[in-house]
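J.: sequence? don't have it. structure:
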């Protein structure tokens, strides 16, 4: 069962933090929280999430790692067995600081990659270079992180 805590914010308004904790054998196996402006919205979120988490296998899949793409790229650069070329590293670092780098891997879908490619104001061959280097990261990250990134 979830709990709701009223907390005063810096601007003196009240925020309602909804928190869900699942325990197994006396240990916390999953926790999630979200803050809302209204108590009713917080209660509604708790009810919805508890129904979702009651499904078989839901807590395990929800607890999977879901890092931002920038963290995945950083890990790829650090843990690469082969030396990464100067251009590839420069492109990957540029992707890290782009808006797509801030997104969590589970939020990234095919359309996100297309939008990112279209947002680049460079020659088509440079876009292809960016997408090729990004594809290498996704190819390695997918088995390591499960079904995400897509």
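T.: Great, that's in hand. Computed from a prediction, not measured in an experiment: that's the story for all the values here.

J.: report the central residue of this structure.
T.: Geometric centre of the chain, nearest residue: residue 104, 2.0 Å, by C-alpha atoms, centre = their mean.

J.: quick one, phi/psi of that one?
T.: Backbone torsions of residue 104, given as degrees, to the nearest 10, read phi -70, psi 150.

J.: residue 120 too?
T.: Note on residue 120: backbone dihedrals following degrees, to the nearest 10 are phi -70, psi 120.

J.: related to what we said a few turns ago, any idea of the pLDDT on the residue nearest to the centre of the chain?
T.: Confidence at residue 104, expressed as pLDDT, is 85.

J.: from residue 131, how far out is it?
T.: Noted for residue 104: a distance of 20 Å to residue 131, by C-beta to C-beta, to the nearest Å. C-betas here are computed from N, CA, C, even on glycine.

J.: over to residue 14?
T.: Counting by C-beta to C-beta - residue 14 and residue 131 are separated by 46 Å.

J.: who has more neighbours, those two?
T.: Between residue 14 and residue 131, counted using other C-beta atoms under 10 Å, residue 131 has the larger neighbour count: 18 against 11.
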